[in-house]
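> okay, structure incoming, though there's no sequence with it:
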């Protein structure tokens, strides 16, 4: 468990969930292309993303946006440094 999550499990009610595995996706960007463009893709094809260069990536856990972040290199690995925590989905619907 990362040090970031240690503080989240100080509540005894959440402790049983501390080792549950969650799928984490980091989205660089999105695009919409036609089936024709998809069928013509080959090595070195370029897909223009809707996000501008330098935009933060979206960090999605189990299908829910939880944060935004930027790419960092640690030793020989790629990682994401969180730059902003997204509001809970319930907060967005009540606003």
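On my side now, so go ahead. In this text the structure is predicted, and so the values were computed from the model without any measurement. Numbering: from 1, shown residues only.
> are we agreed that residue 66 is in a helix?
No - Residue 66 is assigned strand when assessed by DSSP: H, G, I helix; E, B strand; the rest coil, not a helix.
> how far away is it from residue 85?
7 Å (C-beta to C-beta, to the nearest Å). C-betas here are computed from N, CA, C, even on glycine.
> can you check residue 32 too?
28 Å.
> who has more neighbours, the two?
residue 85 (11 against 7; other C-beta atoms under 10 Å).
> wait, the more buried one sits on residue 65?
No - contact criterion C-beta atoms under 8 Å: residue 85 and residue 65 do not qualify, at 10.2 Å.
> would you map the strands across this protein?
With strands called from DSSP state E, the chain shows them at 24-27, 57-61, 64-74, 77-85.
> what pairs with residue 69 across the strands?
With DSSP bridges as the criterion, residue 69 is bridged to residue 57, residue 82.
> surely it and residue 59 touch.
Yes - with contact defined as C-beta under 8 Å, residue 69 and residue 59 form a contacting pair (5.4 Å).
> now do the shared contacts for those two.
Shared contacts of residue 69 and residue 59 (C-beta atoms under 8 Å, 6 or more residues apart in numbering): 26, 80, 82.
> which one of those is nearest residue 18?
Using C-beta to C-beta, residue 82 is the member of the shared contacts of residue 69 and residue 59 that lies nearest residue 18, at 19.3 Å.
> check contacts around the closest one.
By C-beta under 8 Å, 6+ apart, the neighbours of residue 82 are 59, 67, 68, 69.
> looking at the residues you listed, which has the most residues close by?
Each of the contacts of residue 82 was scored for neighbours by other C-beta under 10 Å, and residue 59 scores highest at 21 neighbours.
> ok, that residue - contacts?
24, 25, 26, 65, 66, 67, 68, 69, 80, 82.
> what's the closest non-adjacent residue to it?
Spatial nearest neighbour of residue 59, chain neighbours left out: residue 67 (4.2 Å); criterion: C-beta to C-beta, 6 or more residues apart in numbering.
> give me every residue that touches the one you found.
Residues near residue 67 by C-beta under 8 Å, 6+ apart: 58, 59, 82, 83, 84, 85, 86.
> and the third one, how far is that from residue 19?
The gap separating residue 82 from residue 19 is 21 Å, by C-beta to C-beta.
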